[in-house]
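**Student:** Show me the folded form of this:
(one chain, ligands or ions: 1)
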Amino acid sequence: MTLSIWRYAHLALALISSLFLVMASVTGAILAIDAIQEKMPSYRAANFNEITVAQTVPVLKKNFSEISELDIDHNGFVRLKGFDEEGNEVDAYVDPATGKILGKPIDKSAFVEWTTALHRSMFLKETGRLIVGIVSFLLLLIAISGMALIIQRQRSLAKFFTKVVKEYFAQYYHIITGRLILIPVLVIALTGTYLCMARFQLFPEHKAEHKEIVAPTQDPIQQKIEEFELFKNTKLADVKKIEFPFAEDPEEYYNLKLSDTELIVDQFSGNVLSEVKYPTTLVLENLSLDLHTGRTNIIWAVILGIACLNILFFIYSGFAITLKRRATKIKNKHKTNDAEFILLVGTENGSTLRFANAIHEQLIAQGKVSYLAQLNQYQVFPKAKHLLVFTSTYGLGDPPSNANKVWQLIDKFPQKEEVNFSVIGFGSHSYPDFCEFAKQIDQKLAEQAWAKQLIKLHTIDDKSAIQFVQWVKTWSEKVAVELATTPALYAKKPKGLHKMMVLDRTEVSEAEQTFTLTIRTPTRTKFTSGDLLAIYPADDNRERLYSVAKCQGNVQLVVKLHPSGLGSSYLNDLKVGDTFRARMVTNESFHQPKNKPLAMIANGTGIAPFLGMITQSNKNADNHLYVGFRKETDIIKQHKAFLDQQIQNHKLKTYQFAFSREQNHCYVMDLIRNDASYLALLLNNGGVVMICGSLQMQQDVEKVIDEICMKINGNDLAYYKKNGQLLTDCY
Ligand SMILES: Cc1cc2nc3c(=O)[nH]c(=O)nc-3n(C[C@H](O)[C@H](O)[C@H](O)COP(=O)(O)O)c2cc1C
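**Tutor:** Coordinates of the predicted model:
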């Protein structure tokens, strides 16, 4: 319950403030860069932190005929306003130790001025400042509620920085970066709020009011400024501003502004005539400004800039998490009161609902009256015969937020007739209380007089479709309902699909029932021969993989058409110019080894990756190809012509074809037996054998090679396999 309160608060606050936060973060990052840049031409004296007021004032007085004020800014730059010896007006950064002019103050660029105005008030004057202040406060609340969520997720404050279980990119990095950048974000939000409150004078006025000072009646004697006690004890680094006396008049004084005090100092004696402490609110306002802008410290300015960019990432990842939670919608065709199959789901992030939905849809498709709802919607189901509970676990074996009331509801609504129930728990072994809530609910249901446990509790670790299928098999057998048992159907939808286009294709050869496709991939797709093309012919989770050849940058497939084959029929329906969505899967274990003698063995469509590997080979490569087909068709004649060309190009040494249904029929194993001594030598010399094609052929070939190796080399094939000299990709 508390989890959802924090979560809804966190989300609601983010929703309200996100647009303003985007503006404030982008402009904040730009201003952080400006704060860093501002410190680049350094006008700060080398030993600035050591210099006292007593050291600098006499030096400056010697160099300038008149000084009106000295400003020491947050960078430690000393800015002098006055006149030089020639009577020219001076407004420049000076070296406080030597009095040398170091540079002229530069006005902020129009862009920085514009960004500052946008950041502070969105060009809406006081209204804008108020909005920005409120957004700062909302950011503070978002950071606090986010912190509460992390503490709950990690189960205690002490475990705040312990390992986070990675579920998916947005969730993982939302938390990881959230923890790292929490302090700067809290500081930005808190100081922004404070500055807004100070701006709207929500604190008492903070003017420094000095008591009336009575000037001495006698003519004063000028003491050495170097000897002024206060000046000797005050470092320039602690001073904000010094206003100099206008003339040698006893009624003119030094006015020294420090970070928390303002002092009036007699210009002749150096005595402190009046001292006023600033109120804490003003000190806090200055501190807030320093912390909010990063103007005093370059490292802090960098951290603030990163924090601003990170707020943008929080907004993106936060909304990605929310959208994911809402992605799976419940659709019901039948009413609660009519349903025979009741499927109840306990889910926090929606993944359990995906599994339940897959079962619900299959039941409906088979004409069953199924009803899918959240666990918190538990009630009396008058016609229910089967109750299926799919639920995840959170916190310390707690229910997900849409199942937190089910306990009371089960007590409140006993079913009128006997109902068979089955509980499927979704959890993760990364947490100590694995599927604890599912276990509790299974027990609770078992205690109900009306409930009959049809099968034992099934638990699913980390959304495993394979484990889920085990429950599907057991339950569907008991209930005599046919449900799909292919794990891919229940697995997550594939991601990262790209648009591909058919560039060329051949007709299906009559004898072999094979055809070739040439496919253009998006320019940035990286792949090589031996990798796999994954297609999704039914636009669902069912995936079909094909070994590819890379020819002139394009994918080349050799496909065998199976009359009711999902993948091959889909590919066969594609015409030149058609596009479809697919992805490349790297198949590292079947990449061509570099600079090694290579025997490539295939049957049928298994030739495809080898055609690409030969094209991609270096000149004089020691490549040998052995392929078995049924008959010599036109496609095979084309392969022959292609391979002859590769021999001429010195990319292939030899090739041999075996035809099992021609006169003098032979198999690829016969070719290998004939070349026994060569293959034994190849393996002995560190060469590699690659096999691609049917699993049956692989078994037969491996058996023959094993015999050869034992006989000639005295080692079995397992020895070479261990050395990585046998690579296979068979199906
Ligand atoms: C913060 C958090 C706490 C979790 N606590 C537990 C737990 O105590 N026991 C458990 O078995 N699984 C736990 N899990 C794992 C989830 O139950 C599991 O990932 C489940 O498949 C999520 O399903 P859902 O997406 O439908 O909510 C936790 C996951 C998260 C993110």
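**Student:** Kindly list the main-chain dihedrals of whatever residue of the stretch 401-550 of the chain ends up closest to the ligand?
**Tutor:** Relative to the ligand, the nearest point of the stretch 401-550 of the chain is Gly427 (2.2 Å; CB to the nearest ligand atom). C-betas here are computed from N, CA, C, even on glycine. In terms of degrees, to the nearest 10, the main-chain angles of Gly427 are phi -160, psi -160.
**Student:** List the contacts of it.
**Tutor:** Shown in contact with Gly427 (CB atoms under 8 Å, 6 or more residues apart in numbering): 392-393, 434-436, 438, 459-461.
**Student:** Please apply the same query to Met501.
**Tutor:** Going by CB under 8 Å, 6+ apart, the list of residues near Met501 reads 519-520, 577-579.
**Student:** can you redo the contacts of Gly427 as JSON lines with secondary structure, pLDDT and neighbour count?
**Tutor:** As requested, the contacts of Gly427 are exported to JSON lines (DSSP: H, G, I helix; E, B strand; the rest coil; pLDDT from 0 to 100; neighbours: other CB atoms under 10 Å):
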{"residue": "Ser392", "secondary structure": "strand", "pLDDT": "96", "neighbour count": "25"}
{"residue": "Thr393", "secondary structure": "coil", "pLDDT": "94", "neighbour count": "27"}
{"residue": "Phe434", "secondary structure": "coil", "pLDDT": "94", "neighbour count": "16"}
{"residue": "Cys435", "secondary structure": "coil", "pLDDT": "96", "neighbour count": "25"}
{"residue": "Glu436", "secondary structure": "helix", "pLDDT": "96", "neighbour count": "19"}
{"residue": "Ala438", "secondary structure": "helix", "pLDDT": "97", "neighbour count": "27"}
{"residue": "Thr459", "secondary structure": "strand", "pLDDT": "97", "neighbour count": "20"}
{"residue": "Ile460", "secondary structure": "strand", "pLDDT": "95", "neighbour count": "25"}
{"residue": "Asp461", "secondary structure": "strand", "pLDDT": "91", "neighbour count": "14"}
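**Student:** ok, the closest residue to the residue of the stretch 401-550 of the chain closest to the ligand other than its chain neighbours to Ile410 distance?
**Tutor:** Spatial nearest neighbour of Gly427, excluding adjacent residues (CB to CB, 6 or more residues apart in numbering): Cys435 at 3.8 Å. For Cys435, the distance to Ile410 equals 18 Å [CB to CB, to the nearest Å].
**Student:** Check Gly367 too.
**Tutor:** 29 Å.
**Student:** The two - which one has more neighbours?
**Tutor:** Taking other CB atoms under 10 Å, Gly367 and Ile410 do not tie; Ile410 has more neighbours (18 against 7).
**Student:** so that one sits in a helix?
**Tutor:** Yes. Secondary structure of Ile410 (DSSP: H, G, I helix; E, B strand; the rest coil): part of a helix.
**Student:** Could you verify my assumption that it touches Tyr378?
**Tutor:** Yes. In terms of CB atoms under 8 Å, Ile410 counts as a neighbour of Tyr378; the distance is 6.4 Å.
**Student:** hmm, back to that, which of the contacts of Gly427 are close to the ligand?
**Tutor:** With CB under 6 Å from any ligand atom as the criterion, the contacts of Gly427 include 392-393, 434-436 near the ligand.
**Student:** picking that back up, what values do phi and psi take at the residue nearest to Gly427?
**Tutor:** phi 50, psi 30.
**Student:** pretty sure it contacts Gly425?
**Tutor:** Yes. Using CB under 8 Å, Cys435 is in contact with Gly425, at 3.4 Å.
**Student:** so what sits against both of these two?
**Tutor:** Taking CB under 8 Å, 6+ apart as the criterion, Cys435 and Gly425 both touch 393, 457, 459-460.
**Student:** Show me which pair in the residues you listed is furthest apart.
**Tutor:** Thr393 and Leu457 (12.2 Å; CB to CB).
**Student:** what do these two both touch?
**Tutor:** Joint contacts of Thr393 and Leu457 (CB under 8 Å, 6+ apart) are 425, 435, 438.
**Student:** Just the CA atoms of the host helix or strand of the first one, as CSV, please.
**Tutor:** Secondary structure assigned from DSSP states H and E places Gly425 in strand 419-427. Coordinates of the C-alpha atoms in strand 419-427 are reproduced here as CSV (Å, rounded to 0.1, in the frame of the first residue of the first chain):
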residue,chain,number,x,y,z
VAL,A,419,-13.9,-24.2,-7.8
ASN,A,420,-10.6,-25.8,-9.0
PHE,A,421,-7.7,-23.5,-8.4
SER,A,422,-4.1,-23.2,-9.5
VAL,A,423,-1.6,-20.6,-8.5
ILE,A,424,1.4,-19.6,-10.7
GLY,A,425,3.9,-17.5,-8.8
PHE,A,426,6.2,-15.1,-10.6
GLY,A,427,9.3,-14.0,-8.8
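**Student:** who does that strand pair up with?
**Tutor:** Strand 419-427 has its sheet partners listed here by DSSP bridges as strand 386-392 (parallel), strand 451-453 (parallel), strand 458-461 (parallel).
**Student:** ok, back up a step: any chance of the ones next to the ligand among the contacts of Gly427 in CSV with distance to Ile306 as columns?
**Tutor:** Converted to CSV, those look like this (distance: CB to CB, whole Å):
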residue, distance to Ile306
Ser392, 34
Thr393, 36
Phe434, 38
Cys435, 39
Glu436, 39
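**Student:** What is the nearest of these to Asp675?
**Tutor:** Phe434 (55.4 Å).
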